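Visitor: Got a predicted structure here, sequence first:
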Amino acid sequence: MARPRVRLVVTADDFGYCPRRDEGIVEAFLAGAVTSVSLLVNGAAAESAAELARRHHIPTGLHANLSEGRPVGPARHGTSSLLSPEGFFLGKMGFREAVAAGDVDLPQVREELEAQLSRFRELLGSDPTHVDGHQHVHVLPGGLMPSWA
């Protein structure tokens, strides 16, 4: 009896964070060490990373981010429970503390994640192959991730 075939998936996250990191990720993909990437749509190099993914046919997922940088959704135009007074996400520990204290407005989380999915579709012209979380945001309690994630 033949054994089932096992496929190892190696995903490089933080794609779109900066050009230098993206170059290394593409190099690893082309060498066969990486099988997919997760794109930070609010990263400084998100647009160029999306172009690299399209050019090299790299399977690309959404790296959902609620902890670093600026939002892509409506929160970028005003105040939000997800942001510091300066308009940046609260950071990994700041976000976790805000969740634990009950200070995070869950509809704002959904709004931001839906905006990130929309931005992903704009950049890549397709749905993500997968969704994972920047700085483990996807494993936080309280039903933070929407059902599509």
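Guide: Looks like it arrived, so ask away.

Visitor: Pretty sure residue 67 sits in a strand.
Guide: No. Read with DSSP: H, G, I helix; E, B strand; the rest coil, residue 67 is coil and lies in no strand.

Visitor: Tell me the spacing between it and residue 53.
Guide: With distances taken as Cβ to Cβ, to the nearest Å, residue 67 is found 23 Å from residue 53. (Each C-beta comes from the backbone N, C-alpha and C, glycine too.)

Visitor: what are the ranges of the helices in this structure?
Guide: Using DSSP state H, the helices found in the chain span residues 19-30, 46-56, 92-100, 106-124.

Visitor: tell me which residues form a beta bridge with the residue positioned nearest the centre of the chain?
Guide: For the chain, residue 63 is the residue whose C-alpha lies nearest the centre (Cα atoms, centre = their mean; 1.7 Å). Beta-bridge pairing for residue 63 (DSSP bridges): residue 132.

Visitor: Am I right that it is in contact with residue 134?
Guide: Yes. If you go by Cβ atoms under 8 Å, residue 63 and residue 134 touch, sitting 5.1 Å apart.

Visitor: one step back: could you list every residue that touches the residue nearest to the centre of the chain?
Guide: 13, 14, 15, 16, 38, 39, 40, 41, 132, 133, 134 (Cβ atoms under 8 Å, 6 or more residues apart in numbering).

Visitor: Let's see that with 10 Å instead.
Guide: 11-17, 37-43, 116, 120, 128, 130-135, 137-138 (Cβ atoms under 10 Å, 6 or more residues apart in numbering).
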